[in-house]
Structure formats: structure tokens, C-alpha cells
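Student: Quick one: sequence and predicted model below, then my questions.
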Amino acid sequence: MSRHFAILGAPFNRCSHEPSRENTVAPLRRCVDGSWFALGETIAQRSGSAGLHVRDAGDVEVTPDIEQLFARGEVSRAAQRYMDFLQGKVSSMLASGEIPITLGGDHSIAIGTLRAVLNDYQERRGERVAVIWFDAHVDLNTQERGNLHGKPLAVLSHTTAMLDWVGPRTPKLDLANVIHVGIRDLMAVEKTEMARHDMTTFDMGRIDQLGFERVLSEIMVAIETQFDRVYISLDYDVLEGALFRACATPNIGGLMPRELLHAVHIIAKSDKFVGGEIVEYLPQKDHDLASRELVIKLVDAMLGFRI
Ligand SMILES: [Mn+2]
């Protein structure tokens with residue numbers, strides 16, 4: 001089976017706990033001193049392997065009119081406008097049969113990418129999409145206050161208090177289709193929501209009890225038996241925060257690179273894999289460049305490679 005991947009940058013970091021105007025994707029694309037890795041080389045190396053096509057689709061930029069909205073303090077409208085652009089870009093990739101791999105950006109960008117995925121697979125084809133959410137947090141803050149990067153699942157599932165984000169034409173993500181992996185930090189309001197919905201959650205305590213391989217095999221059985229498609233939303237902060245601190249919210253007690261690379265590789269090799277994203281990585285905090293190399297390896301794992 002031939003697979004066509006499109007690598008898309010979504011350097012939107014304006015709705016995080018530590019907002020920034022920096023383009024966090026650009027440094028991944030180019031060679032830097034002190035690191036062997038660059039995204040461009042991975043794309044060139046993998047494209048043309050048997051049946052595999054990979055292209056760099058460039059960035060969805062924060063346009064001057066969005067900047068103007070931010071300057072006027074209209075954060076919600078600015079973010080909605082960006083998500084509309086991003087959704088349009090991902091939709092056109094899906095329409096041409098591509099598998100989008102999006103590099104954030106903070107986790108709010110999942111609103112744009114997943115709306116495109118849900119429109120195409122769930123609304124148009126009537127299929128059930130599993131969303132594997134690797135994260136230290138559940139990102140289900142339903143309150144008006146707080147940063148958008150802590151709310152993508154509240155917005156996508158229409159359980160948010162931010163009603164202007166949800167309209168009759170926005171696809172609704174059923175929280176029963178989300179499998180959380182790596183959770184270890186919850187808000188009270190999120191605990192309430194989790195109790196209300198039938199969610200599958202492998203928090204770090206459960207992962208340590210069961211062992212990671214058993215957790216991964218349970219996830220794969222769920223994908224095989226209950227879903228038509230699978231999408232990966234990967235927040236960098238799922239990683240062990242004592243070592244991997246190149247994000248706004250590092251959190252100790254998380255996954256190690258080997259576990260995460262293994263899981264992403266196994267899931268992305270499934271015929272049901274329709275795309276993924278890696279979010280929240282901040283190159284300006286990545287002093288030894290280890291995280292840069294890991295993020296590029298995670299992209300490679302999404303392309304189906306471990307070596
Ligand atoms: Mn997140």
C-alpha cells in the first residue's frame with residue numbers, strides 16, 4: 001500500500017501558559033550546530049522508500065489580520081481564525097489522500113487538525129475515529145477562564161463554556177473515542193467531566209501497574225476491534241519532565257523516549273492510521289538539543305520507522 005504523508009507546520013504558540021511569537025517549527029527544519037538531525041533530511045531520506053511519499057507542506061502562518069486581532073485583545077477570535085485556516089489546510093490534504101503530520105504550536109492547534117479529521121472520516125464517511133492523546137494532562141478544562149491549550153478536548157467535544165467556539169456545523173468529538181495515555185495532572189473540573197463521560201484513561205499510575213507493553217496491547221486491541229481509524233495527538237509534556245523540559249509545562253513522572261517512540265511507531269504502522277501531531281515543543285528551552293532529536297524521531301515513527 002502506498003502512503004502519502006504531508007508534514008505541516010502550525011507554529012501557533014499564542015494560547016499556551018507561556019505564549020510566544022516564536023516560530024517553533026522553523027528550527028526543526030534546518031540544520032543547527034551540535035545536532036546531526038534535521039527534519040528536511042528525514043523527509044528526504046524517507047521519501048522514495050518503497051511505496052512512501054513524504055512532502056514538506058510548509059507552515060500555516062499567523063497572518064497579519066490574526067496579529068491585529070491579538071493586538072486588539074480579541075484572543076478568542078484570533079485563535080478561531082487560525083484554527084479555521086489550519087482546518088482548511090488539513091482538510092485539503094485529507095481530500096487528496098494524504099496523511100497529515102502537524103507540528104505545533106501549542107495544543108490548541110488540535111482543534112483545527114481534529115475538526116478536519118472528524119469532518120472527513122466521521123461526518124462524511126460515517127467512520128469511528130480513535131484519538132490517542134499522549135499528554136500529562138487531559139486538556140478538558142471546560143471553564144471560560146484558563147488558556148486554550150488546556151481546553152482542546154473541551155472545545156472538540158462541545159462540553160466547553162466557550163459557546164462561540166461551537167456551532168451547528170462543527171463536528172463533535174465523542175469523548176468515548178479518546179484514549180488518554182500518560183496523565184498525571186488533573187484539574188477538579190476535569191475530574192468531574194471524566195466521571196460524566198465514558199473515557200479510557202491510562203494514567204501513569206495505571207501504566208506503572210500494568211506495564212507499558214500491556215497498555216499498548218490494550219490500545220491496539222481497542223483500535224482493531226472498536227474503531228475504523230486512529231489519530232495521534234502527542235503533547236511533548238507526556239515525556240518525563242525531570243529530563244525533558246523544553247515545554248511550558250514539564251511534569252515529572254512521565255514516559256521515557258523509548259516507550260513513546262515504540263508506542264507511536266506501533267500505532268502509526270496500523271492501516272487505520274490517518275494522521276497525527278506533535279505539540280508544545282519549545283526549541284528556545286531545548287538547550288542540549290536532545291528534545292529536537294527526539295521530536296524528529298517521533299515524526300519518523302509516525303512515518304512508520306524505528307530505524
Ligand atoms: Mn496537551
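Tutor: That came in fine, so what should we check first? Numbering: from 1, shown residues only.
Student: Return the list of helices and strands in contact with the helix or strand encompassing Ala6.
Tutor: Element membership for Ala6, per DSSP states H and E: strand 3-10. Strand 3-10 sits against strand 52-59, helix 75-95, strand 99-104, with contacts defined as 3 or more CB pairs under 8 Å, 6 or more residues apart in numbering; DSSP states H and E. (C-beta placed from N, C-alpha, C; glycine too.)
Student: Now that strand: buried residues?
Tutor: Arg3, Phe5, Ala6, Ile7, Leu8, Gly9, Ala10 (16 or more other CB atoms under 10 Å).
Student: List the contacts of the second one.
Tutor: Contacts of Phe5 were listed using CB atoms under 8 Å, 6 or more residues apart in numbering, and they are Leu52, His53, Val54, Arg55, Glu98, Ile99, Pro100, Ile101, Met302, Leu303.
Student: hmm, 6 Å instead?
Tutor: Val54, Ile99, Ile101, Leu303 (CB atoms under 6 Å, 6 or more residues apart in numbering).
Student: can you check the third one too?
Tutor: Neighbour list for Ala6: Arg55, Ala57, Met93, Glu98, Pro100 [criterion: CB under 6 Å, 6+ apart].
Student: same deal with the last one?
Tutor: Remark: with contacts taken as CB under 6 Å, 6+ apart, Ala10 is in contact with Val60, Leu86, Thr102, Gly104, Gly105, Ile109.
Student: Out of the residues you listed, which is nearest to Asp288?
Tutor: Gly104 (21.2 Å; CB to CB).
Student: Tell me what Val54 is bridged to.
Tutor: On the basis of DSSP bridges, Val54 is bridged to Phe5.
Student: how about the strands in this structure?
Tutor: Counting by DSSP state E, the chain has strands at residues 3-10, 52-59, 99-104, 129-134, 178-183, 200-203, 229-235, 273-279.
Student: The ones you listed into TSV, with extra columns for distance to the ion and mean pLDDT?
Tutor: Below are the strands of the chain laid out as TSV (distance: least, CB to the ion, whole Å; pLDDT from 0 to 100):
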stretch	distance to the ion	mean pLDDT
strand 3-10	14	97
strand 52-59	20	96
strand 99-104	10	98
strand 129-134	8	98
strand 178-183	10	98
strand 200-203	14	97
strand 229-235	4	98
strand 273-279	7	98
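Student: Would you mind saying which of these lies nearest Ala78?
Tutor: strand 3-10 (14.3 Å).
Student: Alpha carbons of that closest one, in PDB - could you do that?
Tutor: Extracted in PDB, the C-alpha atoms of strand 3-10 (Å, rounded to 0.1, in the frame of the first residue of the first chain):
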ATOM      1  CA  ARG A   3       1.300   6.100   1.700                       C
ATOM      2  CA  HIS A   4       1.500   9.800   1.100                       C
ATOM      3  CA  PHE A   5       2.500  11.900   4.100                       C
ATOM      4  CA  ALA A   6       2.400  15.700   4.300                       C
ATOM      5  CA  ILE A   7       4.400  17.400   7.100                       C
ATOM      6  CA  LEU A   8       2.700  20.600   8.100                       C
ATOM      7  CA  GLY A   9       4.000  23.300  10.500                       C
ATOM      8  CA  ALA A  10       1.500  25.000  12.800                       C
END
